[in-house]
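# 3D, please:
(chains A and B)
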2 protein chains.
Amino acid sequence: MTEPLAPGATIGILGGGQLGRMLSVAASRLGFRTHIYDPSELPPAGDVAHLVTTAPYEDSDALFAFATTVDVVTYEFENIPTLTLDALEDHAPIRPGREALRVSQDRLVEKEFLQGLGLKTAAFADVPDMAALATALPQIGAPAILKTRRFGYDGKGQARIMDPTGAEAALAEMQGAPAILEGFVDFSHEVSVIAARGLDGAVACFDPGENVHKDGILHTTTVPARLSASQRTDAVLLAANILNALEYVGVLGVELFVTPQGLIVNEIAPRVHNSGHWTQNGCVVDQFEQHIRAIAGWPLGDGKRHADVVMENLIGDDMDRVPELAKDPATALHLYGKAEARAGRKMGHVNRIAG
Amino acid sequence: MTEPLAPGATIGILGGGQLGRMLSVAASRLGFRTHIYDPSELPPAGDVAHLVTTAPYEDSDALFAFATTVDVVTYEFENIPTLTLDALEDHAPIRPGREALRVSQDRLVEKEFLQGLGLKTAAFADVPDMAALATALPQIGAPAILKTRRFGYDGKGQARIMDPTGAEAALAEMQGAPAILEGFVDFSHEVSVIAARGLDGAVACFDPGENVHKDGILHTTTVPARLSASQRTDAVLLAANILNALEYVGVLGVELFVTPQGLIVNEIAPRVHNSGHWTQNGCVVDQFEQHIRAIAGWPLGDGKRHADVVMENLIGDDMDRVPELAKDPATALHLYGKAEARAGRKMGHVNRIAG
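Okay, the predicted model is just below:
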């Protein structure tokens, strides 16, 4: 399919968390229906979807049945099993495509891909075992961070090595998973670019946001970010470089460290991104609609920002603050409908609009 | 229930058209689920709802089952049968309340209610039969408009009487339905106020919008409307007057004629209103979320407007313009997911943001 999807078409979404939920709402604004596929019962996105399939990602019968009801497949997370993609790809286009998943599912492959594009990353080394770690550590230097190559998110699957004596304990924390050693980057702050590429190759970027993390989880994103004009240009150009290299279709998040030596790419996420939630109250077309437009073959929004926004995540018992937050007329609430407010769980976010 | 509804609660919505659809999306932003009740298969709101009941409004078993799943009942249209309300009211609070429905379901009752508040309306007379029409016409004067007392919308159930010789033909168009004769109002333009009242009695108004109709259907709403400062104050005060008199909970639309003699109330609608769709792209809390906040017992948004907006309805084959409209970065699309673009059918709207 290269024709634009007509309103009334159905978009399949792998993963029914808050990102799938907000994608589903955006799809409805353009007249599309959604079909959510998620292994868990009552996923948050199911509250705002036309259809929900509850089945494991390895259930090829369920995947086939799902694929026959949808016109295009997209996803809210990058760790989709290869088997799932194999089962789907003959029946419906998968957007963003598999190359983006292959690259972003593995920190080592991702770093090599980024360096191949001439982009700066932290120093890194493949660490299949203790011998490799012992070799790599003197080259990378301590402190450094050992990370599993796959399935890490929100600071999970990571261990700091403050000096060589801590190497063995850090490797044990990987529990035998293939790992990568990354050097520390001396950065002043982190920003991210939420960028999109359409089916026709057009690229549009939202204004970079400045991110602050707390306990390894994104805490706030502020737009505008502290960036010089040339840094802003660099950020946009490198995001476009990545999108074009992947022949990407959809929204992609790029996390960047700001350093005196320029912008260093931390990681990329082939999906809508927590640091792009501010666009819901700062742009005519937000990141969720932008993603839907891209995968549906529609023209992209231009990413223009009409307000200064601070996005703050509501984690766990931050939900207790909702009655107070609801009183502030400059605060837009976005709650995810999750039943249980567990510690560390993303329950919602607020966008505070300035002026 | 007078406590605020907690996120996770379920809101029942009678009617699954575009208003129910956008109410459902707004409810999801606050972490609520919705249950849509509609007699037709696959209502537009069903695409973004947790539950859908397809049953007639007179099916008391289905209504009872529906009521047991919801924490509060609201509606997207005012012509809800009394029987439906009787079946629901013992099981869940109905917001806005029945008094607002009783008044707004009948043009005669509504006009008498408004005059009782000291508000100006068009001249009117009850016209149960031809004798009454013959008496009323010389008092009201021609031209005048004969309207069915109940079930009129988008110009349906109306007949103009240009001079007394046309009276009999106009009455025949009412097909025996009780009617009201209304005098013509010499107005320069029409505006509407979208106002809300919370469970605690707090009132908030959105900035009045200026409406242009085409073929009896709303065509555009423009904010800001052409109003003097004192007219703007009058508009807000009379809306508050109506809300308080009805002990109203929720969003109400008030259509006003602007005349040299002041503002004349055309009609009220006890629900979110087409002329309030601009709020989706002009306010932090739009009319749909405002309604959900009110019926959930939450604090209201303040109604502040952050942009100039022109809302335009997409009717019937206006849908053919969607590919062009999608290219304009200042245009926010809102499509309703209706399968068939029949003539006169509201298929979507666009909000054009200035500046």
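# going forward, measure contacts and count neighbours with C-alpha atoms only.
Noted.
# To what extent is whichever residue of the stretch 201-350 of chain A sits closest to chain B buried, counted in neighbours?
Nearest residue of the stretch 201-350 of chain A to chain B, counting by CA to the nearest CA: residue A:337, 4.1 Å away. Residue A:337 has 25 neighbours, counted by other CA atoms under 10 Å in any protein chain shown.
# How about it: what's its closest non-neighbour residue?
Residue nearest to residue A:337 in three dimensions, not counting chain neighbours: residue B:31, with 4.1 Å by CA to CA, 6 or more residues apart in numbering or on different chains.
# just checking, the one you found touches residue B:8?
Yes. When contacts are counted by CA atoms under 8 Å, residue B:31 is listed as touching residue B:8 (5.7 Å).
# joint contacts of the two?
A:337, A:338 (CA atoms under 8 Å, 6 or more residues apart in numbering or on different chains).
# Have a look at those two and say which one is more surrounded.
Taking neighbours as other CA under 10 Å, residue B:31 and residue B:8 compare with residue B:31 leading, 24 against 18.
# pLDDT score for that one?
We have a pLDDT of 98 for residue B:31.
# Which residues of the stretch 1-150 of chain A lie near chain B?
A:7-8, A:24-25, A:28-34, A:46-50 (CA under 8 Å from any CA of the partner chain).
# For ChimeraX, write a command that selects the buried ones of these.
What follows is the ChimeraX syntax selecting those of the residues of the stretch 1-150 of chain A next to chain B that are buried according to 16 or more other CA atoms under 10 Å in any protein chain shown:
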select /A:7,8,24,25,28,29,30,31,32,33,34,46,47,48,49,50
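# just checking, which of the residues of the stretch 1-150 of chain A next to chain B belong to helices?
The helices, defined by DSSP state H, take in A:24, A:25, A:28, A:29 from these.
# So which residues on the stretch 251-355 of chain A come close to chain B?
A:281, A:284-285, A:298-302, A:323, A:326-339.
# In helices, which of the residues you listed fall?
residue A:323.
# Counting neighbours, which of the residues of the stretch 251-355 of chain A next to chain B end up buried?
Neighbour counting by 16+ other CA under 10 Å classes A:281, A:284-285, A:298-302, A:326, A:329-338 among these as buried.
# how about the helices in chain A?
Using DSSP H, helices in chain A cover A:18-29, A:60-69, A:82-89, A:98-104, A:107-116, A:130-140, A:167-173, A:229-245, A:287-295, A:322-325.
# got those as CSV, with distance to residue A:264 columns?
Shown next, in CSV, are the helices of chain A (distance: least, CA to CA, whole Å):
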stretch, distance to residue A:264
helix A:18-29, 26
helix A:60-69, 38
helix A:82-89, 29
helix A:98-104, 16
helix A:107-116, 10
helix A:130-140, 16
helix A:167-173, 25
helix A:229-245, 10
helix A:287-295, 23
helix A:322-325, 35
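# of all those, which lies closest to residue B:187?
Closest approach to residue B:187 among those (CA to CA): helix A:18-29, 35.2 Å.
# what's the angle between the closest one and helix B:18-29?
Going by axes from the mean of the first three to the mean of the last three CA atoms, to 10 degrees, helix A:18-29 is angled at 160 degrees with respect to helix B:18-29.
# For helix A:18-29, enumerate the helices and strands it packs against.
strand A:10-14, strand A:33-38, helix A:287-295, strand B:331-335 (3 or more CA pairs under 8 Å, 6 or more residues apart in numbering or on different chains; DSSP states H and E).
# Just send those back as CSV, with distance to residue A:104 too.
Below are the helices and strands packed on helix A:18-29 laid out as CSV (distance: least, CA to CA, whole Å):
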stretch, distance to residue A:104
strand A:10-14, 16
strand A:33-38, 21
helix A:287-295, 18
strand B:331-335, 32
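# Ok, which of these comes nearest residue A:102?
strand A:10-14 (16.1 Å).
# quick one: contacts of the closest one?
Strand A:10-14 is touched from outside by A:20, A:27, A:32-38, A:66-67, A:69-77, with contacts defined as CA under 8 Å, 6+ apart.
# Narrow these to just the buried residues.
Here, 16+ other CA under 10 Å leaves A:20, A:27, A:32-38, A:66-67, A:69-77 buried among the contacts of strand A:10-14.
# need the contact list for residue A:285.
Contacts for residue A:285 were tallied using CA under 8 Å, 6+ apart; they are A:279, A:301, A:302, A:303, B:329, B:332.
# Recalculate using a threshold of 7 Å.
By CA atoms under 7 Å, 6 or more residues apart in numbering or on different chains, the contact list for residue A:285 reads A:301, A:303, B:332.
# Over to residue A:219?
By CA under 7 Å, 6+ apart, residue A:219 lies in contact with A:212, A:213, A:312, A:313.
# now these in TSV, with pLDDT?
Below are the contacts of residue A:219 laid out as TSV (pLDDT from 0 to 100):
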residue	pLDDT
A:212	98
A:213	96
A:312	98
A:313	98
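# Which member of those is positioned nearest residue B:61?
Distances from residue B:61 to these, taken by CA to CA, are shortest for residue A:313, at 42.7 Å.
# can you tell me which residues contact the residue nearest to the closest one when sequence neighbours are not counted?
Nearest non-adjacent residue to residue A:313, counting by CA to CA, 6+ apart: residue A:349, 4.2 Å away. Neighbouring residues of residue A:349 by CA under 7 Å, 6+ apart: A:311, A:312, A:313, A:314, A:333, A:334, A:335.
# my guess is residue A:23 meets residue A:287, correct?
No. The criterion here is CA atoms under 7 Å, and residue A:23 misses it with residue A:287 at 8.7 Å.
# The two: which is more packed in?
Applying other CA under 10 Å to residue A:23 and residue A:287 shows that residue A:287 carries more neighbours, namely 33 against 28.
# Pull up the per-residue confidence for that one.
Residue A:287 is assigned 98 on the pLDDT scale.
# Would you agree it is in contact with residue A:272?
Yes. Between residue A:287 and residue A:272 there is a contact under CA under 7 Å: 6.4 Å.
# Tell me how many other residues crowd residue A:56.
When neighbours are defined as other CA under 10 Å, residue A:56 has 14 of them.
# From residue A:10, how far out is it?
Using CA to CA, to the nearest Å, residue A:56 is found at 21 Å from residue A:10.
# what's the answer for residue A:214, then?
For residue A:214 relative to residue A:10 (CA to CA), the value is 37 Å.
# what about those two, which has more around it?
Set side by side, residue A:214 and residue A:10 show more neighbours around residue A:10, with 22 against 9, by other CA under 10 Å.
# now the more buried one: how far from chain B?
Distance, residue A:10 to chain B, using CA to the nearest CA, to the nearest Å: 10 Å.
# Quick check on the closest residue in space to residue A:303 that isn't next to it in sequence: phi, psi?
Nearest residue to residue A:303 in three dimensions, chain neighbours excluded: residue A:206, at 4.5 Å (CA to CA, 6+ apart). With angles defined as degrees, to the nearest 10, residue A:206 sits at phi -80, psi 160.
# Check whether residue A:206 really touches residue A:195, as I assumed.
Yes. The pair residue A:206 / residue A:195 is scored as a contact, 6.1 Å apart, by CA under 7 Å.
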